[in-house]
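>>> Generate coordinates for the sequence data below:
(chains A, B, C and D)
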There are 2 protein chains.
Amino acid sequence: MSVKSADTLSASLEDYLDVILWSVAANGAARVRDIAGQLRVQASSVTGVLQALAQKQFIHYRPYEAVTLTPAGFEEATRVVQRHRILREFFTEVLGIAAGVAEEGACRLEHEIPTDIVRGLAEFMAYVKALPEADQAVLRRFAERSVCGSATAGSSEMSVGRSTVADMKPGRQGVIVRIGSRGSLSRRLADMGLGRGVLVEVEAVAPVGDPIRIRIRGYQLALRRSEARSIIVIEK
Amino acid sequence: MSVKSADTLSASLEDYLDVILWSVAANGAARVRDIAGQLRVQASSVTGVLQALAQKQFIHYRPYEAVTLTPAGFEEATRVVQRHRILREFFTEVLGIAAGVAEEGACRLEHEIPTDIVRGLAEFMAYVKALPEADQAVLRRFAERSVCGSATAGSSEMSVGRSTVADMKPGRQGVIVRIGSRGSLSRRLADMGLGRGVLVEVEAVAPVGDPIRIRIRGYQLALRRSEARSIIVIEK
DNA sequence: TAATATAGTTAGTCGCGGCTAACATATCCG
DNA sequence: CGGATATGTTAGCCGCGACTAACTATATTA
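Sure, this is the predicted structure:
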C-alpha cells in the first residue's frame, strides 16, 4: 500500500499552499488559473500539485471545480505564511534590508530554514521590542544606516568578518587566503610554507597572544603575533 | 557553441567546491572517494559533478587523477565557506541557537540566501561587536537565555509574532486564524461575517485606535478596538 | 610480473518539478 | 440551443541530481 505521506512538504507544495490560502481568503475558493498566474507556472503544472495536496488531505479538490482548504491545509498554510513573514520582517526591521530583497530572501529561505531558527528570529524580535527605548534605538541605528553609507561597498561580503591567524582560537582550522604583508616578512612566511590554499591549525596561543603555535602540512611552527596578523585565513 | 556557463552555481556544485577546498588544503589534492565520503554520495555521482566544475574552470580535472582548484575555483570556494560561516555564527552568537541546529541551518540556507542579506548579517555582527560593552551585554542576555526557559515551548513558532486586527496598520491584509474570545462578543463577530479563513483589510484606524474601519468580502465594517483585539490574524 | 585490490568512470534509471501540445469540460452569449 | 471561448486535465518531455550495475584504470604485493 505504501502511502508515502512524507510529513514534510516540498518547497513547491508550500508555495502552492501559500497562494491558495490568499486566493481562498479573497475569493472564497481558488481557481487553477489564479494559482498558475501567481506562481508564474503553467496551469498544467498546477493540476499535478493539486492532486498531491488533495492526497495529503490539505485541500478539497475535484477536477474542474474550485479548490478550498481543509482544516489541516489551513493550519499548514498559516504556518508557511508565518515563517515567511517572520523572515521578511527580520530582514527589514533588524537588518535594514530593502523591501524587495527582503521579500525575495524570505521566499528563498522559507522552505529550508529549521523551525528552531525561525523561532529564534521571532523571539529575538520580540525581545528587542520589549527592550527599553534607549536600547532599541541603538539597534535601530544599525537598521537605518544608509545603505550607501557602507563605504566598503566594493569589498562586499567577503571582507566582513574575515580573520587572520591571530584571531583564531586554539583547535580551529582555516585556509590561507593570502598574505597581507609585503617585503621581507611576506618572504619569510612564504619560506615557511605559508601560502594561499594552505591549511592552518592553531594549536596553542601563549597568554599574551604571542607566540602562536600552529601546525601546517603536519609539522609545527611558532609565529610572532605580528606575523600571524598578516596571514589572512578563512575559518572552517 | 552554446557554452552555457551559468554564472550562478547550483546548490550541489557549491557543496562540492566546499569539500574540495578543505580536502585540497588538507591533502594537497582531492580524491573522488574523499569527496564522495564527505558528501555521503556515491563515487559515481562525484564524477559527473567534477566534469561540470572542470568545464566551468573551477577545478583541474583529468580522469583517474586527483583534483585541484583553479584560482577561480579557490575564490568561489572561499566565498561559499564564508557565507556558511557567517550564517552559523549569526545563529549561535546572536540567536543563541545550539551548535548542531546552527550548523544544519547554515548548510540549508547557504545556497539560497541573497548576497545582500549575508552582508547584512555580517555587518550586524560587526556592528554589535563594536558597541560599548554595556550594549553588547543586553544582546548577549538574549543569546544566552536558557533554551528550556522558553516556557511557551508548546506554542512554538506559531504564536510568536502573531497579531490581531488591532495590531494591523492601514492598508495591510490578513487572514483570520480564529476568534480569541467567547460568548456574546464572539457571537457578534461571527454574525458580522468574521470567521476563520476570512480576508480582512484594514482601511483606517481612528487616532486613538478606536474605531477601526475594515473591509471584508467587499464591504466595510467598523470595529471597536476591544473587538479587533480578539480577532487573531496572520498578516500577508 | 601477473594477480588482485582499490579507485574511478560510464551507462542507464528514478523522482521531482517544471514545460508544451493536445484533448476535455464549463460557461457565456447570440 | 449551440457554438465560441475560457478553463482545466492528460500525456509525454526535459534537466537536475541522486542512484546501481558493470566496466576500466591504477596501485599493491606475492
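>>> Tell me the helix or strand right after the helix or strand bottoming out on mean pLDDT in chain A.
Least confident helix or strand, chain A: helix A:156-159 with a mean of 53, by mean pLDDT, DSSP states H and E. Note on helix A:156-159: by DSSP states H and E, the next helix or strand toward the C-terminus is strand A:163-164.
>>> all strands for chain A, in order.
A:59-60, A:68-69, A:163-164, A:173-179, A:199-205, A:212-216, A:219-223, A:231-235 (DSSP state E).
>>> Quick check: beta-bridge partners of A:V200?
A:G174, A:I216 (DSSP bridges).
>>> dump the residue contacts of it.
For A:V200, the contact set (Cβ atoms under 8 Å, 6 or more residues apart in numbering or on different chains) comprises A:V165, A:M168, A:Q173, A:G174, A:V175, A:I176, A:L194, A:I214, A:R215, A:I216, A:I231, A:V233. For glycine as for every other residue, the C-beta is placed from the backbone atoms N, C-alpha and C.
>>> if I read this right, the fourth one contacts A:V165, doesn't it?
In other words, A:G174. Yes: with contacts defined as Cβ atoms under 8 Å, A:G174 counts as touching A:V165 at a distance of 7.3 Å.
>>> what's the overlap in contacts for these two?
Common neighbours of A:G174 and A:V165 (Cβ under 8 Å, 6+ apart) are A:V200, A:V233.
>>> Helices of chain A, start to end?
For chain A, helices defined by DSSP state H occupy the ranges A:11-27, A:32-39, A:43-55, A:71-89, A:99-109, A:115-129, A:133-143, A:156-159, A:183-191, A:225-229.
>>> Compare those and say which comes out lowest on pLDDT.
Ranked by mean pLDDT, the helices of chain A end with helix A:156-159 at the bottom, a mean of 53.
>>> Can you lay out the helices of chain A as TSV showing mean neighbour count?
Below are these laid out as TSV (neighbours: other Cβ atoms under 10 Å in any protein chain shown):
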stretch	mean neighbour count
helix A:11-27	20
helix A:32-39	17
helix A:43-55	16
helix A:71-89	20
helix A:99-109	18
helix A:115-129	20
helix A:133-143	14
helix A:156-159	16
helix A:183-191	13
helix A:225-229	19
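>>> Of those helices, give the one that comes closest to B:R40.
Checking the helices of chain A against B:R40 by Cβ to Cβ gives helix A:11-27 as the closest, at 21.3 Å.
>>> May I have the closest one exported as CSV, CA atoms only?
Output in CSV follows, covering the C-alpha atoms of helix A:11-27 (Å, rounded to 0.1, in the frame of the first residue of the first chain):
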residue,chain,number,x,y,z
ALA,A,11,9.2,23.6,-1.3
SER,A,12,6.8,23.9,-4.2
LEU,A,13,3.9,22.4,-2.3
GLU,A,14,4.4,25.1,0.4
ASP,A,15,4.4,27.8,-2.2
TYR,A,16,1.1,26.4,-3.6
LEU,A,17,-0.4,26.3,-0.1
ASP,A,18,0.6,29.9,0.5
VAL,A,19,-1.1,31.2,-2.7
ILE,A,20,-4.1,29.0,-2.2
LEU,A,21,-4.6,30.5,1.3
TRP,A,22,-4.8,34.0,0.0
SER,A,23,-6.8,33.1,-3.0
VAL,A,24,-9.4,31.3,-0.9
ALA,A,25,-9.5,34.1,1.6
ALA,A,26,-10.0,36.7,-1.1
ASN,A,27,-12.4,34.8,-3.4
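>>> Next, see if that helix gets close to chain B.
Yes: Helix A:11-27 reaches chain B (Cβ under 8 Å from any Cβ of the partner chain) through A:L21, A:W22, A:V24, A:A25, A:A26.
>>> so which of those comes closest to A:Y127?
A:L21 (28.6 Å).
>>> Spell out which residues sit in contact with that closest one, please.
Counted by Cβ under 8 Å, 6+ apart, A:L21 has contacts A:L69, A:F74, A:A77, A:T78, A:V80, A:V81, B:V175.
>>> Spatially nearest residue to A:R108, not counting backbone neighbours?
B:E112 (4.1 Å; Cβ to Cβ, 6 or more residues apart in numbering or on different chains).
>>> wait, what's in contact with that neighbour?
Contacts of B:E112 (Cβ under 8 Å, 6+ apart): A:R108, A:L109, A:E112, B:A11.
>>> Residue nearest the middle of chain A, spatially speaking?
By Cα atoms, centre = their mean, chain A has its centre lying nearest to A:L109, at 6.6 Å.
>>> wouldn't that residue be in contact with B:P114 here?
No: counting by Cβ under 8 Å, B:P114 is not a contact partner of A:L109; they are 9.1 Å apart.
>>> The residue sitting furthest away from the middle of chain A and A:D191: what is the separation?
Ranked by distance from the centre of chain A (Cα atoms, centre = their mean), the top residue is A:S184, with 41.2 Å. Distance, A:S184 to A:D191, using Cβ to Cβ, to the nearest Å: 10 Å.
>>> Same list (the contacts of A:L21) but as TSV, adding distance to B:V138.
Shown next, in TSV, are those (distance: Cβ to Cβ, whole Å):
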residue	distance to B:V138
A:L69	42
A:F74	39
A:A77	36
A:T78	32
A:V80	32
A:V81	31
B:V175	35
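>>> Closest one to DNA strand C out of those, please.
A:V80 (13.9 Å; Cβ to the nearest atom of the strand).
>>> so that closest one makes contact with A:C107?
No: look at A:V80 against A:C107 with Cβ under 8 Å: they stay out of range, at 11.1 Å.
>>> Mind putting the residues of helix A:11-27 next to chain B into TSV with distance to DNA strand D?
Formatted as TSV, the entries for those read as follows, by distance: Cβ to the nearest atom of the strand, whole Å:
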residue	distance to DNA strand D
A:L21	17
A:W22	16
A:V24	13
A:A25	17
A:A26	15
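>>> got the residues of chain A near DNA strand C?
A:10-13, A:15, A:40-42, A:44-45, A:48-49, A:52, A:64 (Cβ under 7 Å from any atom of the strand).
>>> now with 10 Å?
Within reach of DNA strand C by Cβ under 10 Å from any atom of the strand, chain A has these residues: A:4, A:6, A:9-16, A:31, A:36, A:39-49, A:52, A:62-66, A:111.
>>> Return the residues in contact with the closest residue to A:T92 other than its chain neighbours.
With Cβ to Cβ, 6+ apart as the criterion, A:T92 has its nearest non-adjacent residue at 4.7 Å, and that residue is A:A102. Neighbouring residues of A:A102 by Cβ under 8 Å, 6+ apart: A:L87, A:R88, A:F91, A:T92, A:L95, B:I117.
>>> Thanks again, I'm all set now.
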